[in-house]
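Asker: based on what follows, work out the 3D shape:
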Amino acid sequence: MANHALLNNIEHRHLRIDSRHAAALGDDVMSAPTFPAEFRNVQAHYPIVFHKAADGAMQPLALFGFQQGENLFLDGERWDATYVPLAIERQPFLIGRDGDALMVHVDLDHPRVRNGGDEALFREQGGTTEYLDRISSVLRALHEGLETVPDFMAAMLDNDLIESFALDVELDDGTVNRLVGFYIVNEERLRALSGPALEALHRAGHLEAAYMVVASVARFRDLIERMNRRHVARR
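Answerer: Numbers count the residues shown, from 1 in each chain. Okay, the predicted model is just below:
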């Protein structure tokens, strides 16, 4: 269970964070939230899909595997990609509010905290370390980026550009996996846009993001190859 606390240089001056990547540190996840300004970096490695939350809101996700608890980019204590989505990199920290101010909070029960590690948060003199400065920057970018998601998704839905999809994956050993429950951008409808609709998407910055989502579909081939390699390694 999470145990969130407002980070400060008195109570947490000796806190150390384990910044490695491993299943035991919470990285064994199928996906992570992303946002339009991150799509360019994400699509270079991961498929971008959409998932409908319980409240009906649509959320873009960077996809790491085909089933819950599966991250095909985890290789021991290494994340096998040159870009790690911000929603993963920020762990075990999160943004919280103190009145109108946004403040850094830490989950004291997160395994990255419980296990300890090499990354200090505060210097002996009380200032913040480069690591914490980086985390603060990540949290700001993530917070601001996620705030843009509703407008982007509204534009996609208003133009009827979102469609559900299912992917059947047959591996080299004959096993079949099926990915369902997600949505993608309909490329044909996107290409068919013209006039005011196309201009509105472009002016809002949504057009480029939509094409990044389309481009990311090619990364499914990489996911399948990673799953094939993992199945071979388990034999």
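Asker: only C-alpha atoms for contact and neighbour calcs from this point on.
Answerer: Will do.
Asker: tell me what the strand or helix carrying Met103 is packed against?
Answerer: Following DSSP states H and E, one finds Met103 within strand 101-107. In terms of contacts (3 or more CA pairs under 8 Å, 6 or more residues apart in numbering; DSSP states H and E), strand 101-107 is packed against strand 4-6, strand 93-98.
Asker: make it 10 Å
Answerer: strand 4-6, strand 93-98, helix 111-114, helix 130-147 (3 or more CA pairs under 10 Å, 6 or more residues apart in numbering; DSSP states H and E).
Asker: tell me the buried residues in that strand?
Answerer: Neighbour-count burial for strand 101-107, counted by 16 or more other CA atoms under 10 Å, picks out Met103, Val104, His105, Val106, Asp107.
Asker: what of stretch 84-98?
Answerer: Neighbour-count burial for stretch 84-98, counted by 16+ other CA under 10 Å, picks out 84-96.
Asker: got it, and stretch 119-133?
Answerer: Ala120, Leu121, Phe122, Thr128, Leu132.
Asker: quick one: residues contacting the last one.
Answerer: Applying CA atoms under 10 Å, 6 or more residues apart in numbering, we find Leu132 in contact with Phe93, Val104, Glu119, Ala120, Leu121, Phe122, Val138.
Asker: what's the pLDDT at it?
Answerer: pLDDT, Leu132: 96.
Asker: from Leu108, how far out is it?
Answerer: Look at Leu132 and Leu108: by CA to CA, to the nearest Å, they are 15 Å apart.
Asker: can you tell me who the spatially most central residue of the chain pairs with across the strands?
Answerer: Residue closest to the mean C-alpha point of the chain, counted by CA atoms, centre = their mean, is Ala32 at 3.1 Å. Note on Ala32: beta-bridge partners by DSSP bridges are Ala62.
Asker: residue contacts, Val213?
Answerer: Contacts of Val213 by CA under 10 Å, 6+ apart are 36, 39-40, 42-43, 46-50, 60, 62, 184-187.
Asker: ok, and the most crowded of those?
Answerer: Ile48 (31 neighbours; other CA atoms under 10 Å).
Asker: closest one to Arg20 among the helices and strands packed on strand 101-107?
Answerer: For those, the distance to Arg20 is smallest for helix 111-114, at 8.4 Å, taking CA to CA.
Asker: name the helices or strands packed onto the closest one?
Answerer: Helices and strands touching helix 111-114, by 3+ CA pairs under 10 Å, 6+ apart, are strand 16-17, strand 101-107.
Asker: report the buried residues of it.
Answerer: Pro111, Arg112, Val113.
Asker: could you do stretch 205-218 as well?
Answerer: By neighbour count on 16+ other CA under 10 Å, the buried set for stretch 205-218 is 206-218.
Asker: so which of these belong to helices?
Answerer: The helices, defined by DSSP state H, take in His206, Leu207, Glu208, Ala209, Ala210, Tyr211, Met212, Val213, Val214, Ala215, Ser216 from those.
Asker: what sits closest to the third one if chain neighbours are left out?
Answerer: Right, the one you point to is Glu208. Using CA to CA, 6 or more residues apart in numbering and skipping residues adjacent in sequence, the residue nearest Glu208 is His202, 7.3 Å away.
Asker: what does the model give the residue lying closest to Gly76 once chain neighbours are set aside for pLDDT?
Answerer: Excluding the flanking residues, the one nearest Gly76 by CA to CA, 6+ apart is Ala22, at 6.2 Å. The score at Ala22 is 94. That number is its pLDDT.
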